[in-house]
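> Sequence below, structure please.
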Amino acid sequence: MQKLLKEFVPCADEVWRLQNRQDPDCKFFMSWCDEGGQLNGDGEQTTRQGTYIVTPSGKFLGSNNENNNPPRMLQLMRKALDDYKKLDKKVRLRSDDPKEIAKQINRGESQYPADGLVLRCHSRDLPREKPVAAEEWAQKALNVDYCWFKKEEALRFMPKEPVKKLEFDVPQELVTRMARFNMVDNVRGQTESYSAEAVKEATLKGTIKDIKKGIIYVTFKGAVKMEQGTRSMNLQLLGEAEWDAKKNAWGKFEIVCAGTRAGRTQFNFRERDEGPAPIGFVFVIAGDTPPDKIAPAFLWQYGWR
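Numbering: from 1, shown residues only. As a prediction, the model looks like this:
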């Protein structure tokens, strides 16, 4: 399959937006996604989530919305490639310039804070004495999301006049954002954010440990506690960061969160594992690759305009 994949241009996107928005890429998706006749769910619950193979022009070549069985996917790919090779070039390709159309697309990534602080957040279950029986994938599950701060927000993780041994409080609204939108139980699947009212504690205290050659070394310590309905999150936070005064940017920013989660949401696969159970999160500075610039899952709740 890996060898055959070289003949394709794989891509992935969030299906809810594609089947509900009116941007050019969404209309393009909706123009062919139903041709396979394989929808998931009925009525308002119908989703086009699945795997599709189409030409750049939008000619449908096949889909699989039921499973990701490797032999079946391999068969689908081979047939689609054979059909593609039989098509005339004019049928395969678009007649317009996609770069021009792309300018009309409004995505969360357009708000990427290039001069701010972009963090990648890893989430996973932590070891426990008596693990709950679960499928193999669930036992090894982990997830990744992103956490964005604009430049002026990134500066607020450090005092305006830093001096050695100075202790300070990180603004609560910044810690609350990280808690509500990233310290959530998405280890096995999609979940919901916490409401502002659910946050019972969100503190992060910093200490200037040292200042050498234009680098300000900071340590963090804090706690997060959230309760909403039957679910909750209770975490302790520890971190280290380095502010580069010459570059006016964070050169290192790492926060580790560990504690206990409980409860479940509709799509996070905790039906048989509601806890309480240990969970962990790690925030690190994201890379500069396209995948590292994917918008946070709850960017729409940031209140950015």
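> Tell me which residues touch V256, please.
L237, L238, G239, G280, F281, V282, F283 (C-beta atoms under 8 Å, 6 or more residues apart in numbering). Where you see a C-beta, it was placed from the backbone N, CA and C, and this is true even at glycine.
> Shouldn't the second one be within a strand?
Yes - with DSSP: H, G, I helix; E, B strand; the rest coil as the criterion, L238 is located in a strand.
> For it, which non-adjacent residue is closest in space?
Counting by C-beta to C-beta, 6 or more residues apart in numbering, L238 lies nearest to V256, which is 5.3 Å off, once chain neighbours are set aside.
> in the one helix or strand the one you found maps to, what's buried?
Assigned by DSSP states H and E, V256 falls within strand 249-262. Using 16 or more other C-beta atoms under 10 Å as the test for burial, strand 249-262 gives A249, W250, F253, I255, V256, C257, G259, R261, A262.
> of these, closest to R78?
When the buried residues of strand 249-262 are ranked by distance to R78 (C-beta to C-beta), R261 comes first, at 43.2 Å.
> Put the alpha carbons of stretch 283-302 into CSV.
In CSV, the C-alpha atoms belonging to stretch 283-302 read as follows (Å, rounded to 0.1, in the frame of the first residue of the first chain):
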residue,chain,number,x,y,z
PHE,A,283,2.8,21.4,25.8
VAL,A,284,5.8,22.1,23.7
ILE,A,285,6.6,24.7,21.0
ALA,A,286,5.3,23.4,17.7
GLY,A,287,7.5,23.0,14.6
ASP,A,288,7.2,25.0,11.4
THR,A,289,5.8,22.3,9.1
PRO,A,290,2.3,22.6,7.5
PRO,A,291,0.8,20.0,10.0
ASP,A,292,2.1,22.1,12.9
LYS,A,293,0.0,25.0,11.6
ILE,A,294,-3.3,23.2,11.8
ALA,A,295,-5.8,25.3,13.8
PRO,A,296,-6.7,24.3,17.4
ALA,A,297,-9.8,22.2,17.6
PHE,A,298,-11.6,24.9,19.6
LEU,A,299,-10.2,28.0,17.9
TRP,A,300,-13.7,29.1,17.1
GLN,A,301,-14.2,29.6,20.9
TYR,A,302,-11.2,31.8,21.3
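> which residues sit against the helix or strand of the chain with the lowest mean pLDDT?
Lowest by mean pLDDT, DSSP states H and E among the helices and strands of the chain is helix 136-139, with a mean of 84. Helix 136-139 has contacts (C-beta under 8 Å, 6+ apart) with P131, R188, F269, D273.
> Let's verify the first one: helix, strand, or coil?
Assigned with three-state DSSP, P131 falls in the coil class.
> will you turn the buried residues of strand 249-262 into TSV that also has distance to Q104?
Listed next are the buried residues of strand 249-262 as TSV, based on distance: C-beta to C-beta, whole Å:
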residue	distance to Q104
A249	32
W250	34
F253	35
I255	38
V256	41
C257	39
G259	44
R261	41
A262	44
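> Which two among these are spaced furthest apart?
A249 and A262 (37.6 Å).
> All good on my end, thank you.
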